[in-house]
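Student: give me the fold of what follows.
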Amino acid sequence: MELKPNNSAPVLTDSAPISKSRLSGRSGLFAYPAQGASFSPNLILNIPRKKTGVLDDVRSSSWLDAMKSSSPPHKKFTKDINNELASPDADYAYRTWLLNYPSALISFEKIANNAKGKRIALFLDYDGTLSPIVDNPDCAFMSNAMRHAVKRVAKYFPTAIISGRSRDKVYEFVGLTELYYAGSHGMDIMGPVQQYTPDGHQTSVWATDQQGKEVNLFQPASAFLPMIDEVFRSLVECTKDIKGAKVENNKFCISVHYRNVDENIWTTVAHCVQDVIKDFPRLRLTHGRKVLEVRPVIDWDKGKAVTFLLESLGLSNCDDVLPIYVGDDRTDEDAFKVLKEGNRGYGILVSSAPKETNACYSLRDPPEVKTHSTCTG
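Tutor: Presented below is the predicted three-dimensional model:
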């Protein structure tokens with residue numbers, strides 16, 4: 001499988017004329033439409049007039065059951081000198097699961113053969129995928145080796161990071177201007193503009209307006225910002241006496257982390273969050289891995305962000321395009337589902353324990369993601 005850089009290989013970038021609906025230009029800077037004018041306008045949900053007062057999509061479960069189900073404990077595998085799983089039960093369960101979701105490393109040749117002659121678009125989650133899951137979310141740093149691997153891949157393929165974190169925070173962690181960033185579960189998207197030096201070298205910069213301010217590609221929930229800020233302040237106040245609780249403002253959504261909270265008082269966290277948002281029917285509550293998330297009530301998720309980015313890149317509805325999404329969390333399932341339903345590409349779940357997923361392949365942990373990215377690039 002021969003790879004060539006983005007600026008010279010039609011297999012890797014499409015040859016359609018540059019327009020404002022596209023994410024990158026061959027030279028100069030241009031402003032992206034702030035509200036994604038090239039995309040379908042029918043994404044905003046009708047705001048419900050009644051307050052539901054329940055955890056999103058777990059209506060029949062108790063708070064505690066919902067939080068436990070979304071935050072299963074990681075199995076700690078002990079390996080012997082042959083690098084095989086030492087626990088027979090864990091070994092059997094994981095190997096059985098791998099029959100349905102084989103390792104992307106072992107299946108790399110098959111994936112590469114299916115990718116021949118196709119333009120690849122790579123989408124990556126951040127926490128648990130490019131960086132390890134850590135107790136303090138402010139310390140979820142990716143390694144220099146991982147950063148180098150992602151940078152190398154982005155040289156060949158359009159590469160995006162889609163995270164529940166704020167776009168600014170993810171960029172602070174990653175620091176690569178050649179990537180596309182979709183923060184707040186895809187509600188804040190920005191991409192690079194490609195420039196070329198006289199000697200033909202490619203550089204990446206952010207798009208700016210005439211005043212030099214960064215221009216966002218798509219922010220479907222801009223109207224919710226004052227509401228999000230108000231709820232954030234209330235949640236900080238409400239949880240200040242709960243040991244271990246941390247509230248993170250991700251611009252268009254709010255994350256309430258309970259990873260370091262004693263499990264006996266998880267329900268206290270849940271009720272505290274619900275008490276705050278019950279007066280905001282235009283916000284909904286969802287859950288991820290030991291985190292409760294407050295989001296605007298709009299028809300938007302990581303799957304929609306993938307669709308938007310593919311369309312903006314001119315890569316949608318094309319038989320010669322292979323999107324690949326790598327992620328580890330419940331919120332990544334929306335993206336896996338989009339690729340699976342349309343038989344458009346591959347979802348790769350990062351998990352060291354068996355779990356139900358819409359992904360096609362699996363990787364055990366971030367180090368395996370780095371190895372896979374190195375092979376791909």
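
Student: CA only for contacts and neighbour counts going forward, please
Tutor: Noted.

Student: so residue 95 is in which element?
Tutor: Residue 95 belongs to helix 88-100 when assigned by DSSP states H and E.

Student: could you dump the next helix-or-strand element following that helix to PDB, C-alpha only?
Tutor: Scanning forward in sequence from helix 88-100 by DSSP H and E, the next helix or strand is helix 108-115. What follows is helix 108-115, C-alpha atoms only, in PDB (Å, rounded to 0.1, in the frame of the first residue of the first chain):
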ATOM      1  CA  PHE A 108      -4.100  -4.700   9.500                       C
ATOM      2  CA  GLU A 109      -3.300  -6.500   6.300                       C
ATOM      3  CA  LYS A 110      -7.100  -7.000   5.600                       C
ATOM      4  CA  ILE A 111      -7.800  -3.400   6.400                       C
ATOM      5  CA  ALA A 112      -4.900  -2.200   4.200                       C
ATOM      6  CA  ASN A 113      -6.100  -4.400   1.300                       C
ATOM      7  CA  ASN A 114      -9.600  -2.900   1.500                       C
ATOM      8  CA  ALA A 115      -8.000   0.600   1.600                       C
END
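
Student: show me what the next helix or strand after helix 108-115 pairs with in its sheet, parallel or antiparallel.
Tutor: With elements assigned by DSSP H and E, the helix or strand that comes after helix 108-115 is strand 119-124. Strands that pair with strand 119-124, judged by DSSP bridges, come out as strand 159-162 (parallel), strand 321-327 (parallel).

Student: quick one: average confidence on the helix holding residue 95?
Tutor: Mean pLDDT, helix 88-100: 87.

Student: same check on stretch 115-123?
Tutor: Stretch 115-123 carries an average pLDDT of 94.

Student: could you do stretch 129-143 as well?
Tutor: 93.

Student: just name the most buried of the strands paired with strand 119-124.
Tutor: Most buried of those by mean neighbour count (mean count of other C-alpha atoms under 10 Å) is strand 159-162; its value is a mean of 26.

Student: ranges for the strands of this protein?
Tutor: Using DSSP state E, the strands of the chain run over residues 119-124, 159-162, 180-183, 188-190, 192-196, 202-206, 246-249, 254-257, 283-288, 291-296, 321-327, 346-350, 361-363.

Student: the third one pairs with which strands?
Tutor: Read that as strand 180-183. Using DSSP bridges, strand 180-183 pairs in its sheet with strand 159-162 (parallel), strand 188-190 (antiparallel).

Student: could you export that strand as PDB, CA atoms only?
Tutor: Written as PDB, here are the backbone C-alpha positions of strand 180-183 (Å, rounded to 0.1, in the frame of the first residue of the first chain):
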ATOM      1  CA  TYR A 180      -9.200  19.100  12.300                       C
ATOM      2  CA  TYR A 181     -10.600  19.500  15.900                       C
ATOM      3  CA  ALA A 182     -14.200  18.900  16.900                       C
ATOM      4  CA  GLY A 183     -14.700  19.700  20.500                       C
END
